[in-house]
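**Student:** A structural model of the following input is requested.
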Amino acid sequence: MAHVNLLPWREQRRQKQKQQFLVTLALVAVFCGLIFWLIGQFIETQISNQNTRNQYLQTEITALESQIAEIKRIKDSKAAIEQRMALIEQLQSSRNITPNILDELARLVPPGVSFKSMIRKGAQIEVRGTSESNNRLAEFMRQLEKSKVFTAGDLSSIVADTSASDAVSEFTLTFSISQVLANAQREAEQKAKGGKK
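**Tutor:** Below is the predicted model:
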């Protein structure tokens, strides 16, 4: 007689396949979980490294900002010093001009003409004074015109004081430093500025 297996072999095979499937599914789940955990750890490490780099950069930026502030302070200080040096050089270059002006004026002023005040603004000079006569004032103006240091004068006012016994005239006279002297002063100033650079 034929041998018939009455055991539920299909059911056992299905159980075995089901068990293998669950084991495979569990292994895949564990493997996927491990991969996700590793990816998470990698991302966490990258974030930590980036935070460290950001902190380092922030520290360096703060140091650079303080250095920039120090450089700006030094530049401001340097600019102030250069400005003072330029002023000193300008004063030094023009200090020789003033004695020349005063020396020339002393030579040109005739007797009977005296100065009360003298104001110099750049190359312009304004003199206020008194004169014993208009002829003496005219003589002074002719001397200015002949001078190599000054240009011809412009008499802006003359007032005769008849109340005084000596009858003097008060005058205001404006004249300029000659181009030769003004150019010499400009050259000295430019040389001073050129020497600074």
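**Student:** what helix or strand does D103 sit in?
**Tutor:** When secondary structure is defined using DSSP states H and E, the element that contains D103 is helix 97-108.
**Student:** what about S114, distance to E82?
**Tutor:** The span separating S114 from E82 equals 43 Å under the rule Cβ to Cβ, to the nearest Å. C-beta here means a position set from N, CA and C on the backbone, and glycine is covered the same way.
**Student:** And for F171?
**Tutor:** Applying Cβ to Cβ, one obtains 43 Å for the distance of F171 from E82.
**Student:** Looking at the two, which is more packed in?
**Tutor:** Set side by side, F171 and E82 show unequal neighbour counts under other Cβ atoms under 10 Å, the larger going to F171 at 24 against 13.
**Student:** follow-up on the earlier one: quick one: list the elements packing against the following helix or strand past the helix holding D103.
**Tutor:** Scanning forward in sequence from helix 97-108, with DSSP H and E defining helices and strands, the next element found is strand 113-121. The helices and strands touching strand 113-121, judged by 3 or more Cβ pairs under 8 Å, 6 or more residues apart in numbering; DSSP states H and E, are helix 97-108, strand 124-131, helix 134-146.
**Student:** Next, the angle strand 113-121 makes with the longest one.
**Tutor:** Read that as helix 134-146. Comparing the axes of helix 134-146 and strand 113-121 via axes from the mean of the first three to the mean of the last three Cα atoms, to 10 degrees yields an angle of 40 degrees.
**Student:** cool, and the second one?
**Tutor:** Angle, strand 124-131 to strand 113-121, by the same axes, to 10 degrees: 160 degrees.
**Student:** Report the distance from strand 124-131 to the chain centre.
**Tutor:** Its chain's average C-alpha position is 41 Å from that of strand 124-131, according to Cα atoms, centre = their mean, to the nearest Å.
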